[in-house]
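Participant: Provide a 3D model corresponding to the input given below.
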Amino acid sequence: QVQLVESGGGLVQVGGSLRLSCAASGPDFSVHTFTWFRQAPGKEREFVAATSWTWTPYYGDFAKGRFTISRDSTKNTVYLEMNSLKPEDTALYSCAATLRRTLEPGRALDDYDYWGQGTQVTVSS
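Facilitator: As a prediction, the model looks like this:
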């Protein structure tokens, strides 16, 4: 069983930066795939970025060049560094995890077994 707790969200101005954290408890941190999703009001949840069980990073198109995902096995924590934030980045950001080993991280909600509660990011213009 894995528990995920996100933190680091908040209110930031356009062009600003935030670093989100996803603290994981439970075994086998190093071999889990961890993924960040986000959901804006009135929209479906969408894939943001993932760090696979091989520690390879993957990004949604909108995240490439602005967001960086990383993980620290000494702290059992996954990070999402977000730069050059835009109003359209406003959303609830959630961390998800799975032990399933696939060629690439899944981008659908049911590809994941564990979810955190999320952390709100609001970008003001």
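Participant: residue nearest the centroid of the protein?
Facilitator: By C-alpha atoms, centre = their mean, the chain has its centre lying nearest to Trp36, at 2.1 Å.
Participant: dump the residue contacts of it.
Facilitator: Applying C-beta atoms under 8 Å, 6 or more residues apart in numbering, we find Trp36 in contact with 20, 22, 48-50, 69, 78, 80, 93-96. Any C-beta I mention is one placed from the backbone N, CA and C, and that applies to glycine too.
Participant: Throw those into TSV and include pLDDT, distance to Pro105 and neighbour count, thanks.
Facilitator: Output for the contacts of Trp36, formatted as TSV (pLDDT from 0 to 100; distance: C-beta to C-beta, whole Å; neighbours: other C-beta atoms under 10 Å):
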residue	pLDDT	distance to Pro105	neighbour count
Leu20	98	17	25
Cys22	98	14	26
Val48	98	11	25
Ala49	98	9	24
Ala50	98	4	26
Ile69	98	10	22
Val78	97	12	26
Leu80	98	14	27
Tyr93	98	16	23
Ser94	98	14	23
Cys95	98	13	28
Ala96	98	9	25
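Participant: in the sheet, who's paired with Leu80?
Facilitator: Leu80 forms beta bridges with Leu20, Ile69, as assigned by DSSP bridges.
Participant: Contact partners for Leu18?
Facilitator: 8-10, 12, 81-82, 85, 121 are the contacts of Leu18 under C-beta under 8 Å, 6+ apart.
Participant: mind running it again at 6 Å?
Facilitator: Taking C-beta atoms under 6 Å, 6 or more residues apart in numbering as the contact definition, Leu18 lies against 12, 82.
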